[in-house]
Structure formats: structure tokens, C-alpha cells
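Visitor: what would the 3D arrangement of this be:
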Amino acid sequence: MPEKKDEPPAIGIVGGSGLYQIEELRDTSELNIETPFGPPSDTLIGGKISGRQVYFLPRHGRGHRVLPHEINHRANIYALRSLNVRWIISVAAVGSLQEKYAPRDVLLPSQFYDRTSGRAVHTFFGEGIAAHIAFAEPISTNLRNLLAESARSLGVAVHNGGTYVNMDGPAFSTRAESELNHRNGFDVIAMTNLPEAKLAREAEIAFATMAMITDYDCWKIEEEPVSAQTVLGHLMANAETARKVILHVIAQIPTEPNWPEHFALDTALITDRNLWPEATVEKLKPILERFLRKNDKTRITNDETQIRMLK
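Guide: Residues are numbered from 1 along each chain as shown. Coordinates of the predicted model:
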């Protein structure tokens, strides 16, 4: 069940390939969450780690049943936000685009490069409420640094910062695509995390990615080109590394949501509060709740902010 009102906000773990649950969760329960955007990838598993309420969601469904382009990212992030999750650690298998990042290393991205084609479903807004989030820094720096510190303390080969290229999939890159990404100086490539980061920012959740390297994509011609079989060989080791880092970092995450990401909508909402359609307000209630507690006459009046956000 969702945590009690006197407990600190919860922490979400979105598990990628190979990481379907965390055995150390205590007092566990399974939750089937209904969202206005359809069902999440799977039931959510709630429990306690280091005294903190944690909710775990397998991105591809348990047993890896959901392809990257089939993931209902809006439902996943909405479900977590509805449970008062204010921090998300997202674990993802990725390909390395540079020699210095070896399989089984961990890279903590600080940037994304978008090569997806589904932006219409990468936002909660529309239907009468316009919002343009600031996304120059798409990852929570505070959460990323906490993950880096935990990984280093455990002796994990971790790289703090870098650019994650988000492609559509489900096929892996062609060699031409991979060579271009390598020459452009990008760091890792995968198929899932950018939509999660955008939606988490709209939901005022601090978000960071643990990119678990499984291969060299296919730019490195002396290596075997990436395939599902070569990836699977590293997944179990990576999942164990992710589990250890997550267990260590949970206790380091603060109990008060007062990081910049937790106020992302302050400069993002453009539509006058008096014009918000009631149906859309109801649909987005978990996300807009703190604005709904304000006086009904609250409205965005900073013209400079509006102009900047519309560029």
C-alpha cells in the first residue's frame, strides 16, 4: 500500500533487462495501479529498504515481455508518482560507444541525445494544459552524484557523466549508425531512458540512470557485433552490481523533496490556471496536486519566463 502521510516520500526503482526485482525488499506487497494512460509494464512491488518506502517496476515486465517501443512510459511514471515517489533510479542495459567504457562498467549519464520518434507520448500535458519543462540538464545531478559515490565505495567501475543516445529499436544499430554515434563522441546507446527522464521531470521527480554496459554496439569492428546473446552474457553480472549500488544508495537519499527537479513545473506551466479543463485537471491530479492546493486565482504571470519557455 502507499506509505502513510507521516512517512517521507517514496523512492522508485525502474528495472531494466535482467533486473526484475530486489530480494532485499521487506514487508512487500504487489500493487496493480490503474492510470489514465493505461496499464504500467507490470504490477509494482512495494516494500522497505533501510526503512524507506521503495516501489520497484520492471520496465519490460517480468520475463521481459515488452519491447522498447511497446513500453507505456506515461503509465509507468504516472503510477509511481501516484504512490508519492519523488526519486527514481532507472537501471538500463546499454551499448558502449567509446573504448574507455567496457562491458560491466557503469555509466551515469548526465545528458541525452534524442533519436526517438514518439514525442506525442513522452509528455503528460496537452488537452488544454500546456507545459514546457526546462530540460537542459535532464538528469538530477544530486541523485547522480549519490549513485557515483555509492558505486565507488563498493569498488564498482563507474563513470560519472556522459551522453546516452536514445534510439527507437527494437533492432540494434546498423554499423553506419553506430560509427556515426562513436565519431560524434556520444558515450552509450540504448532504447528506453529518455522518455522516462522527460516524464519524471514533468512529474517533479528527481531522476537518474544507471547505464549498465553490456557490449560495444557494433562500431568496434574487432569485437563481435552486438546481439541478444552477447548482451545476455553480461546481464546477470550487471544486475547484481545494480542491486548492490541501489541497496547502498537508498539510505543516502534525503527524506525531503527539495531538489530543483521537485519544483520543475514552477516555470513550465504556461496555461492560465483559470483555463485548465476540469477533466485534464482530474486526469493529472497526482502531478498537479500542489498547484491545486493554492488559491484558485493562482496563475502564471511572469511574461519573461513564458517567452523563454516557448522558444
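
Visitor: which residues in the stretch 151-300 of the chain form strands?
Guide: Using DSSP state E, counting those that start in this stretch, the strands of the stretch 151-300 of the chain run over residues 158-160, 163-167, 188-190, 206-215.

Visitor: including mean neighbour count, could the ones you listed go into TSV?
Guide: Glycine gets a C-beta too; all of them are placed from N, C-alpha and C. Formatted as TSV, these follow (neighbours: other CB atoms under 10 Å):
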stretch	mean neighbour count
strand 158-160	19
strand 163-167	24
strand 188-190	27
strand 206-215	27
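
Visitor: redo the ones you listed as CSV? Include distance to residue 98.
Guide: Shown next, in CSV, are those (distance: least, CB to CB, whole Å):
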stretch, distance to residue 98
strand 158-160, 10
strand 163-167, 10
strand 188-190, 8
strand 206-215, 10
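
Visitor: export those strands to TSV and tack on distance to residue 94 and mean pLDDT?
Guide: Output for the strands of the stretch 151-300 of the chain, formatted as TSV (distance: least, CB to CB, whole Å; pLDDT from 0 to 100):
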stretch	distance to residue 94	mean pLDDT
strand 158-160	11	98
strand 163-167	7	98
strand 188-190	4	98
strand 206-215	4	96
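
Visitor: and of these, who's closest to residue 103?
Guide: Between residue 103 and the strands of the stretch 151-300 of the chain, the tightest spacing by CB to CB is seen for strand 206-215, at 5.3 Å.

Visitor: any stretches of this structure with poor pLDDT?
Guide: For the chain, the stretches flagged by pLDDT under 70 are 1-5, 17-18, 20, 224-233, 294-311.

Visitor: all helices for it, in order.
Guide: With DSSP state H, the ranges of helices along the chain come out as 73-82, 141-153, 175-183, 193-202, 228-249, 278-283, 285-292, 303-310.

Visitor: I'd like to know which of those lies nearest to residue 94.
Guide: Per CB to CB, nearest to residue 94 of those: helix 193-202, 8.5 Å.

Visitor: how about the closest one: buried residues?
Guide: 193, 194, 195, 196, 197, 198, 199, 200, 201, 202 (16 or more other CB atoms under 10 Å).

Visitor: residues making contact with it?
Guide: Helix 193-202 is touched from outside by 14, 71, 73-74, 76-78, 88, 90, 92, 109, 112, 114, 116, 118, 121-125, 131, 133, 135, 138-139, 164, 166, 206-207, 209, 211, 261, 264-265, 268, 287, with contacts defined as CB atoms under 8 Å, 6 or more residues apart in numbering.
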